[in-house]
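Visitor: kindly return the folded structure for what I paste below:
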Amino acid sequence: MSSLLFWKGWSRTYRFAYIASLTLFSISFILFAIAWARGLDNVVHWDVLSELTELPVTFYTFSDGLLDYAVNGKAYAVSEQFIAGAMQIRPDVATAFLVGISVAFVLLMSAVTRFNRLRYLISMALLILGLAFFRWEMLEIPGLGGNYLFLLLAFLFGSVSYYFHAFRSDYPIIVRLGVFGLLTLMVAIGLSTLSPVKFPALIVVSYGMPVLLAFSTGFIFFIGAETIAGLVWLTSAGRSQEGNTQISSRRTLGINNFLFISGLYVVNLSLIWLKNTKSIDWDVLAISPFIIYLISLVVGVWGFRRLVEQQDVVSFRDGGAFLYVGFALLTTLTMAYAFATANDPVVEMFEDVIVYTHLAMGIVFVAYVIINFRSIYQQNLPVYRILYKPPRLELSLFRIVGFVILMVLLASGGLITFRQSVAGYYNGLGDYYTVSNESASATAFYQQALEQEFQNHKSNYSLASLAMAQNNQTAAAYYYQQALLKQPNPQDYAGLSQTYLQTNLFFEAVKTLQRGLRAFPKSGELQNNLGFLYARTSVADSAYYYLKAAADYADQDDVPESNLLAFYARNPNVLAVDSTLARNVTKSSYESYQANALALRLVAQTDTAQPNQPEWLTGESAKQGLSVGRFTSLYNYALANQRSDSTLNSTLQRLSADPVNQDFTDDLLIARAVTEYKNHNHPVAFDLMAQLAEGDEQNGSAYRSIAGLWQLEQGLYRRAAETFSYNSDTTSIYYRAMALTKANDPVLAQSLWETAAKSDPGVDALRQVYYQERKPQTDLEKAFYVTYRLDDPNRGAYWETIQEPSLKTVAGVALTNDFLDQLQWRNAQLVLAGVPDSAQVNPVALSLRNVVAIRLASFRRSVGAAETMAKKLILPDYQAAREYWLGQTYERTRRFAQARQAYQQALKLAPLNAQFVTSAAQFEQQQKQTRKAYDLVLTALPFNEDNAGLLKTYVTLCLDLSLFDYAETGLEKLRAATTPTDYQAFSVTYQEKLASIENSRQKFLQ
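Guide: From the prediction side, this is the model:
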């Protein structure tokens, strides 16, 4: 262990400095391993491209007890495909790399000052020469153009170095490291401050790459024999070396084992060389050259120490140790940077250099050991202790031979290794000009790289990225194809497929993804994209297969899982086969998944529970612009939401006003209108839908249909009929006919019924019954006739023959209301007593029955009965009527506080109901709250200009507030809204009240 941790015997200062350098050395190992493992993922990431698909849905339904009304609209599903991102250039990585190189430079400069004069001069000459090739003039420092900056740097570092070498060689390593480190830091700060160019670190690294590659190659050659040297230690170190046994009893593995293991090592290197040069095409299990490098590098920590100590070249503790770590740091970081930038020509160059140097030096070093130490091996002596003190031939001679073999190996490949290094250099320059937004220069350098190595992936992919940025799909497709020649990646296939899609070559895009999956069968991204494309076609089984498989393999499994939900939503026939698919939705924070889960819910209509709010709405994301996923989840949630939500409404209002969301403006207004309606802000909801219909001719009819149905539900029958009149489709004509029928205007509705009935036998049957062309036969026809033919006093006979409990209840409620309108409460009570038992009817019919029971109790001024019935089942759609009749009950029994509270609750739920508003306003008028009453009427009047009761109240309130012009206008509207008899009666009252007001004024003036 003492020989393993040899630095433990050093003084504290040297030990600290060396451990610190080894720590940096270890960090470079880790960075190298990370960059190597990530591969292309270092610079190319999967982006997600979202696509919206409209889905016809019924997002709201209501019923009048006889007929159901479906409010149709559109939901959105998000389909997503993986897009190969552009080649990323990260200047921060270059900055970190330059910091590491600077540390290595400090270590090297500090170490060479302890060399003897000749070695010092040679080393400094090499370092200064390397410094010259960094092209410092590219930093464009003011006043230091040309070679002046290099000369300044050479003078600074050269003079300090010579000072330590010639005059203060006694200074310990920690002082030299500190001085060079401080000087380097000052130079770095000065250059970064003075240089006007973008990304100075990147430009220094890019232009200085040839120097780094040359130094790295020299170091790799130098440690090329370290693995064999390690085998010498392994086979000549005795097991009892540290004990008291005699040397003659030592047990070693011996030279035969050394030759056998070394032979395997050399054979492995030979196979790699033959495979790389395409001399063989065997599927052999060969150790990666980078593993060999790392092993040599680690073994070299101890091997270089033995070399220095045995040859007595320089003090290992004071110089050699830091020289080795400096070169190791520089070389390892250069390799890591090549991986981090996906510069595959440089990576392949390093592979070749490692293989060639280790093969050449491995062969000659085995010969060196056999020639010099065979006899010593046979004596079981520790050869490693004198490995670098050969009795016959010097190691330098074998290094020369190894260099010659290396040159032969390089030449045998047609100097491809050298061309790869040049291509890597041009790639680095292309990166710099790409990130500097000089695409023309970047393209030129990448093209030069291709001239050196036309199959290199880095250049082709970078050029494809530039072409995509310029929307040149043809050029992008070409370069993606070229990128597939040598080192294909899933991103290449995805990129090529995308170019075909952009040029409407759908089947070529599919074929490309199929080829990609044959090469990468476990690429979840390619599987997702292929499923995405199949989902556009009728090949549903293939779409399902690939999307399901992608969820198992893709790193972002939320994307294919979200696509599966979108696939189900777009294919209702799949849901029809297996309805459980709509319920097999898991909880996910992924926005597109949440959006598609809501879309599936709207399409399937199987889940009646309140949906979960998208998670991002409660975080900081709600304050940001909308992505496609966020918009869709928000929009679908607004449609699926079943309760009042003021927070959602304010969020929609804010987002729709934000210019960054202008692409979603209309849909956000739709969502806001739906939310306003569910919040019972009906005037705002109607205004928003009118605004949308006016600004969008293509979808205007759909918007008007939604508004018309809402108005129909709120009892605004004339307004609904007017809204539907702008549409020409048969469904709108039918709804308009129903609106006029509910408004008790059979004459105006007749032509509409006839038009709607032409294509629907069911509608025609109702028309015939309603217009008494034939007698009602079915229970629905009888209930429809009883409910809407108010002019037939004998329609009760039909009611008695209805068998279906719910229909009989609804028709009975209509009769009861008619009798109560005529103040015939006993007849109303008899009818109500004849409706079926509550257990036999549906919730809608039961709610109507309970509400009319409260009305009957109100007519009889029975508070107890009204409150008892109010506690029974009444659906939310009928809560406003419940509160209104409770208010009527309390008002008639002079419980004014409770009456006001009930009226307020009724108007909160139905602010435009003419009957509710009229009664509430008259109540407030009686309570001397004239302005409050006027405001209530003013809100509802624009939507009920045909309601005589509301107009009368409005006119009266205008007189009370001395708004005589408004009162006159209201009186004119009343003339058109009521019968002449009723108008004349009110006109008398109006004149009397007007005269009373005038008399009061005259008395006041007197």
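
Visitor: which strand or helix spans the residue nearest to Ala338 when sequence neighbours are not counted?
Guide: Spatially, and ignoring its direct neighbours in sequence, Ala338 is nearest to Val346 (4.0 Å; C-beta to C-beta, 6 or more residues apart in numbering). In short, each C-beta sits where N, CA and C put it, glycine included. In this assignment (DSSP states H and E), Val346 forms part of helix 344-378.

Visitor: report the contact partners of Ser236.
Guide: Thr252, Leu253, Phe258, Tyr377, Leu381, Pro382, Val383, Tyr384 (C-beta atoms under 8 Å, 6 or more residues apart in numbering).

Visitor: quick one on the thing from earlier: relative to helix 344-378, how tilted is the helix or strand following the helix holding Val346?
Guide: Proceeding C-terminally, helix 344-378 gives way to helix 395-412 as the next helix or strand, assigned by DSSP H and E. For helix 395-412 against helix 344-378, the angle by axes from the mean of the first three to the mean of the last three C-alpha atoms, to 10 degrees is 140 degrees.

Visitor: helices or strands up against the helix or strand that helix 395-412 is followed by?
Guide: With elements assigned by DSSP H and E, the helix or strand that comes after helix 395-412 is helix 416-435. Other helices and strands packing on helix 416-435, by 3 or more C-beta pairs under 8 Å, 6 or more residues apart in numbering; DSSP states H and E, are helix 200-222, helix 344-378, helix 439-452, helix 457-469.

Visitor: next one, pLDDT for Pro391 please.
Guide: At Pro391, the model reports a pLDDT of 84.

Visitor: that one - how many residues pack around it?
Guide: Using other C-beta atoms under 10 Å, Pro391 has 10 neighbouring residues.

Visitor: could you find the closest non-adjacent residue to it?
Guide: Pro391 sits nearest to Asn372 (C-beta to C-beta, 6+ apart), 5.9 Å away.

Visitor: ditto for Val301
Guide: Tyr324 (6.9 Å).

Visitor: give me the secondary structure label for Leu485.
Guide: Three-state call for Leu485 (DSSP: H, G, I helix; E, B strand; the rest coil): coil.

Visitor: could you do Phe62 as well?
Guide: Applying three-state DSSP: Phe62 is strand.

Visitor: so it is in contact with Tyr69, correct?
Guide: Yes: with contact defined as C-beta atoms under 8 Å, Phe62 reaches Tyr69; the gap is 5.5 Å.

Visitor: who touches both of those two?
Guide: Leu709, Glu713.

Visitor: need the contact partners of stretch 977-993.
Guide: For stretch 977-993, contacts defined as C-beta under 8 Å, 6+ apart pick out 945-948, 951-952, 955-956, 959, 967, 971, 974-975.

Visitor: let's have those residues in a markdown table, adding distance to Thr618.
Guide: Formatted as a markdown table, the contacts of stretch 977-993 follow (distance: C-beta to C-beta, whole Å):
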| residue | distance to Thr618 |
| --- | --- |
| Glu945 | 43 |
| Asp946 | 45 |
| Asn947 | 43 |
| Ala948 | 49 |
| Leu951 | 46 |
| Lys952 | 49 |
| Val955 | 49 |
| Thr956 | 49 |
| Leu959 | 51 |
| Ala967 | 51 |
| Leu971 | 53 |
| Leu974 | 51 |
| Arg975 | 55 |
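
Visitor: among those, which are in helices?
Guide: Mapping the contacts of stretch 977-993 onto helices (DSSP state H) picks out Ala948, Leu951, Lys952, Val955, Thr956, Leu959, Ala967, Leu971, Leu974, Arg975.

Visitor: buried subset of these?
Guide: Ala948, Leu951, Lys952, Val955, Thr956, Leu959, Ala967, Leu971, Leu974 (16 or more other C-beta atoms under 10 Å).

Visitor: what is the neighbour count of Ala976?
Guide: Ala976: 11 surrounding residues under other C-beta under 10 Å.

Visitor: residues touching Ala237, list them.
Guide: Thr252, Pro382, Tyr384.

Visitor: which ChimeraX command selects the buried ones in these?
Guide: This is how ChimeraX selects the buried members of the contacts of Ala237, with burial counted by 16+ other C-beta under 10 Å:
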select :252,382,384
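
Visitor: helix or strand with the lowest mean pLDDT in this structure?
Guide: helix 572-577 (a mean of 69; mean pLDDT, DSSP states H and E).

Visitor: so Lys74, which of the three states?
Guide: Lys74 ends up strand, using three-state DSSP.

Visitor: hang on, isn't it packed against Thr53?
Guide: No: using C-beta under 8 Å, Lys74 makes no contact with Thr53, being 9.8 Å away.

Visitor: how about the residue nearest to Ala540 when sequence neighbours are not counted, phi and psi?
Guide: Nearest non-adjacent residue to Ala540, counting by C-beta to C-beta, 6+ apart: Asn571, 5.9 Å away. Main-chain torsions, Asn571, degrees, to the nearest 10: phi -130, psi 80.

Visitor: circling back to that earlier point, save the contacts of Ser236 as JSON lines, and put in pLDDT too.
Guide: Below are the contacts of Ser236 laid out as JSON lines (pLDDT from 0 to 100):
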{"residue": "Thr252", "pLDDT": "74"}
{"residue": "Leu253", "pLDDT": "77"}
{"residue": "Phe258", "pLDDT": "84"}
{"residue": "Tyr377", "pLDDT": "79"}
{"residue": "Leu381", "pLDDT": "82"}
{"residue": "Pro382", "pLDDT": "82"}
{"residue": "Val383", "pLDDT": "81"}
{"residue": "Tyr384", "pLDDT": "80"}
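
Visitor: dump these into JSON lines; add distance to Arg654 as well.
Guide: Shown next, in JSON lines, are the contacts of Ser236 (distance: C-beta to C-beta, whole Å):
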{"residue": "Thr252", "distance to Arg654": "81"}
{"residue": "Leu253", "distance to Arg654": "78"}
{"residue": "Phe258", "distance to Arg654": "78"}
{"residue": "Tyr377", "distance to Arg654": "84"}
{"residue": "Leu381", "distance to Arg654": "85"}
{"residue": "Pro382", "distance to Arg654": "80"}
{"residue": "Val383", "distance to Arg654": "80"}
{"residue": "Tyr384", "distance to Arg654": "76"}
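
Visitor: so which of the ones in helices among the contacts of stretch 977-993 comes closest to Tyr703?
Guide: Leu951 (28.8 Å; C-beta to C-beta).

Visitor: surely that closest one and Leu974 touch.
Guide: Yes: with contacts counted by C-beta under 8 Å, Leu951 reaches Leu974, the gap being 4.4 Å.

Visitor: picking that back up, burial measure for the residue nearest to Ala338, as a count.
Guide: 28.

Visitor: also Glu137?
Guide: For Glu137, the count of nearby residues is 15 (other C-beta under 10 Å).

Visitor: what about it, which SS state?
Guide: helix.

Visitor: dump the residue contacts of it.
Guide: Per C-beta under 8 Å, 6+ apart, neighbours of Glu137: Gly145, Gly146, Asn147, Leu149, Phe150.

Visitor: kindly state the pLDDT recorded for Ser110?
Guide: 88.

Visitor: send the alpha carbons of the host helix or strand of it over as CSV?
Guide: Using DSSP H and E, Ser110 maps to helix 91-112. Presented in CSV, the C-alpha positions along helix 91-112 are these (Å, rounded to 0.1, in the frame of the first residue of the first chain):
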residue,chain,number,x,y,z
PRO,A,91,-20.3,28.1,-25.5
ASP,A,92,-20.4,27.4,-21.8
VAL,A,93,-19.0,23.9,-22.4
ALA,A,94,-16.1,25.5,-24.4
THR,A,95,-15.6,27.9,-21.5
ALA,A,96,-15.4,25.0,-19.0
PHE,A,97,-13.0,23.2,-21.4
LEU,A,98,-10.8,26.2,-21.7
VAL,A,99,-10.6,26.5,-17.9
GLY,A,100,-9.5,22.8,-17.8
ILE,A,101,-6.9,23.4,-20.5
SER,A,102,-5.6,26.4,-18.5
VAL,A,103,-5.2,24.3,-15.4
ALA,A,104,-3.3,21.8,-17.5
PHE,A,105,-1.1,24.5,-18.9
VAL,A,106,-0.3,25.8,-15.4
LEU,A,107,0.7,22.3,-14.3
LEU,A,108,2.9,21.9,-17.4
MET,A,109,4.6,25.3,-17.1
SER,A,110,5.2,24.6,-13.4
ALA,A,111,6.7,21.2,-14.1
VAL,A,112,9.1,22.0,-16.9
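
Visitor: if anything else comes up later, I'll come back, but that's it for now.
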